[in-house]
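>>> make a model of this:
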Amino acid sequence: MKRILMILFVILIVLPAALIGGCYGAIRFQYRETFMPGLFVNGVYAADMTPQQMNDKLKENALLPTCIITDAEGEEHSFSMEEAGFREDYLAELQNLHETQSVLKFVNWFLENGNVSYQEKQLLPDISYDHNKLTAYLDGCSYLKDNSEDKNRVIEIRRNTDGYYLYDETQNLLNHEKAVQAIEKALDAQEYEIDLAKADCYETFAYTSQMKQTLALWDALSPYMNTEITYESSQGDYVIDRKKVSNLLAQEDGKLLLDDVGKPYLDEKLMQEMVEELAEHLNTVGKPRSFRATRGVTVTVETGTYGCKIDEDEELAHLYAAVPSGRVETRTPVYKQVSYTGIDGLDDIGSTYIEVDMTDQMMYYYVNGRQELSTPVVTGNTSLGRGTPQKVCYIYFKQRNRVLRGEDYATPVSYWMAVYGNIGIHDATWRRKFGGSIYKTGGSHGCINTPFDEVSKLYDMAEVGTPVIIFY
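Just a heads-up that it's a prediction; the model follows:
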């Protein structure tokens, strides 16, 4: 019985243990210099490779970092770390990983699961570079050239086609030695972005008294150069920028004039001329307009009183305050007069207007493009030189029961709508006929004579401000 138990003990206990021990020893011997199956390092499969072989493999896949250097003006310069003899090495970490790999865990997993356990390891390399090679490379970089020792520096206020600017040679004086030290310090810490200004690589310049005076003058002048006032218009924007402002400053023989406290100032005459130019650009009163007449032709009326007109005094006062302070704004001017439609361009008549066609001796009234009234009229007597002028004007005054007075007449009318000077639209109850060629010899003193019933309707419909186009 004891013999049988001994045999069973050997078969069930001793032999499996010996087998497992033999497997363990064999695996340990097999992978004494290489990595066991199932291991990935930085995404590379390491099985059956020595630490040195794996190190070479990882170095093949390594991407050399790029060093980015930012100068004081914000411009970026870069170079590959290959220029500095950059080296990456994973060997020490790989050797440590190999020494700590567990054959027991590998065997246990395999016996329990029947397959290999896969695992991923991320290793950081030891990094080094050749300081001498780096220094030699940096010494040849033009953007790292030392300019801190040159004392022959100037500060001047100059002018080009865009206006005045400060020419300053005392800024961004790079100390090459400090720059190299800052770059090396960053690379030693494995930092690859270096801001030279933040690293204090620039020297300050000792200003002379003349330089200080120039800087003080620039402090007073620079707000003028920052000015950008935009008047938006459908006829094109009018912009007051540094170029225009430079021409508005008081000068003599090309030199800026200064006030009692040593500051530049605006020339009154030039400012007035500029505002007049602004008005010429924005105003639409008195400018020609094309108009599509009811009879199907396009006519051009050269002058008139209708349209937009800015308040030059208000704009001048505003600019005297805005320009010296360096205002940047988009401005709508103060208007003395605006069009009936509120549009600032020459296409400002809109679709509600009165049309007086002196060729056909007809008057029409349109509201939102729809004809609401059509009537014959009698305009000024052309044979006596009293012809009604061609104008784009507007109803600027309305009155009931007015007496029209001239040198040799006083005529009462029931409806009066003034449109241009003393010319208006009114009833003419003394006339029995309207239209035709009456105006040539029997016309009015210049007004638009209208049948009573029709002018009464027009009076009730048309508002003050309504455009009136009078033409042949």
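
>>> quote the end-to-end distance of stretch 296-311.
37 Å (CA to CA, to the nearest Å).

>>> may I see the buried residues of that stretch?
By neighbour count, with 16 or more other CB atoms under 10 Å as the criterion, the buried positions of stretch 296-311 are 299, 301, 304, 305, 306, 307, 308, 309, 310. C-betas here are computed from N, CA, C, even on glycine.

>>> before we move on, what about stretch 135-143?
137, 138, 141.

>>> which of these lies closest to residue 188?
For residue 188, the nearest member of the buried residues of stretch 135-143 is residue 138. The distance, counting by CB to CB, is 14.4 Å.

>>> which of the three states applies to that closest one?
Each residue gets one of three states, and residue 138 gets helix by DSSP: H, G, I helix; E, B strand; the rest coil.

>>> and the closest residue in space to it that isn't next to it in sequence, how far is that from residue 139?
Closest residue to residue 138 apart from its sequence neighbours, by CB to CB, 6 or more residues apart in numbering: residue 180 at 5.2 Å. Remark: distance between residue 180 and residue 139 (CB to CB, to the nearest Å) = 8 Å.

>>> show me what residue 411 bridges to in the sheet.
Taking DSSP bridges as the rule, residue 411 bridges to residue 404.

>>> verify the stated contact: it with residue 403.
Yes - with the criterion set as CB atoms under 8 Å, residue 411 and residue 403 qualify as a contacting pair; they are 6.9 Å apart.

>>> ok, those two, which is more surrounded?
Neighbours were counted for residue 411 and for residue 403 using other CB atoms under 10 Å; residue 411 has more, 16 against 10.

>>> against residue 135, how distant is the more buried one?
From residue 411 over to residue 135 the distance is 104 Å, taken as CB to CB.

>>> might you report the residue contacts of the residue nearest to residue 79 when sequence neighbours are not counted?
Counting by CB to CB, 6+ apart, the nearest residue to residue 79 once its immediate chain neighbours are dropped is residue 67, at 5.6 Å. Remark: with contacts taken as CB atoms under 8 Å, 6 or more residues apart in numbering, residue 67 is in contact with 78, 79, 80, 81, 84, 183, 187, 192, 193, 194.

>>> weed out the non-buried ones from those residues.
Neighbour counting by 16+ other CB under 10 Å classes 79, 81, 84, 183, 187, 194 among the contacts of residue 67 as buried.

>>> want to try TSV for those residues, with secondary structure, pLDDT and distance to residue 153 as columns?
TSV is the format used below for the buried ones among the contacts of residue 67 (DSSP: H, G, I helix; E, B strand; the rest coil; pLDDT from 0 to 100; distance: CB to CB, whole Å):
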residue	secondary structure	pLDDT	distance to residue 153
79	strand	91	29
81	helix	81	35
84	helix	77	33
183	helix	95	26
187	helix	90	32
194	strand	96	26
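
>>> which of those sits closest to residue 428?
Of all these, residue 194 has the smallest distance to residue 428: 90.7 Å, by CB to CB.

>>> contact partners for that closest one?
If a contact means CB under 8 Å, 6+ apart, then residue 194 has 67, 68, 69, 70, 182, 183, 186 as its contacts.

>>> for beta bridges, what are the partners of it?
Under the criterion DSSP bridges, residue 194 forms beta bridges with residue 69.

>>> contact partners of stretch 304-316?
The set of residues external to stretch 304-316 that reach it, using CB under 8 Å, 6+ apart, is 271-272, 275-276, 278-279, 282-287, 289, 333-340, 344, 346, 348-349, 391-394, 396, 420, 467-468.

>>> alpha carbons of stretch 206-216, as PDB, please.
Only the C-alpha atoms of stretch 206-216 are listed here, as PDB (Å, rounded to 0.1, in the frame of the first residue of the first chain):
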ATOM      1  CA  ALA A 206      20.800 104.600 -22.100                       C
ATOM      2  CA  TYR A 207      18.900 107.500 -23.700                       C
ATOM      3  CA  THR A 208      20.500 110.900 -24.300                       C
ATOM      4  CA  SER A 209      18.600 114.100 -23.400                       C
ATOM      5  CA  GLN A 210      17.900 114.600 -27.100                       C
ATOM      6  CA  MET A 211      16.500 111.100 -27.400                       C
ATOM      7  CA  LYS A 212      14.200 111.800 -24.400                       C
ATOM      8  CA  GLN A 213      12.900 114.900 -26.100                       C
ATOM      9  CA  THR A 214      12.200 113.000 -29.300                       C
ATOM     10  CA  LEU A 215      10.400 110.300 -27.300                       C
ATOM     11  CA  ALA A 216       8.300 112.900 -25.500                       C
END
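
>>> okay, buried residues for it please.
Of the residues in stretch 206-216, those buried (16+ other CB under 10 Å) are 211, 214.

>>> strands of the stretch 101-250 of the chain, residue ranges please.
For the stretch 101-250 of the chain, applying DSSP state E, counting those that start in this stretch gives strands covering 119-121, 126-128, 155-160, 163-168, 173-174, 193-195, 202-203, 228-231, 238-240.

>>> for those strands, which one sits closest to residue 101?
Of all the strands of the stretch 101-250 of the chain, strand 119-121 sits nearest to residue 101, with 10.1 Å by CB to CB.

>>> where do the helices of the stretch 51-200 of the chain begin and end?
51-61, 91-99, 103-113, 131-139, 176-188 (DSSP state H, counting those that start in this stretch).

>>> now do the stretch 251-400 of the chain
Counting by DSSP H, counting those that start in this stretch, the stretch 251-400 of the chain forms helices over residues 268-282, 312-322, given from the N-terminal end onward.

>>> so which of the ones you listed comes closest to residue 53?
Across the helices of the stretch 251-400 of the chain, the minimum distance to residue 53, taken as CB to CB, is reached by helix 312-322, at 74.8 Å.

>>> angle of the closest one against helix 268-282?
Between the direction of helix 312-322 and that of helix 268-282, the angle (axes from the mean of the first three to the mean of the last three CA atoms, to 10 degrees) works out to 120 degrees.

>>> got JSON lines for the helices of the stretch 51-200 of the chain, with distance to residue 238 too?
As requested, the helices of the stretch 51-200 of the chain are arranged in JSON lines below (distance: least, CB to CB, whole Å):
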{"stretch": "helix 51-61", "distance to residue 238": "62"}
{"stretch": "helix 91-99", "distance to residue 238": "70"}
{"stretch": "helix 103-113", "distance to residue 238": "82"}
{"stretch": "helix 131-139", "distance to residue 238": "52"}
{"stretch": "helix 176-188", "distance to residue 238": "48"}
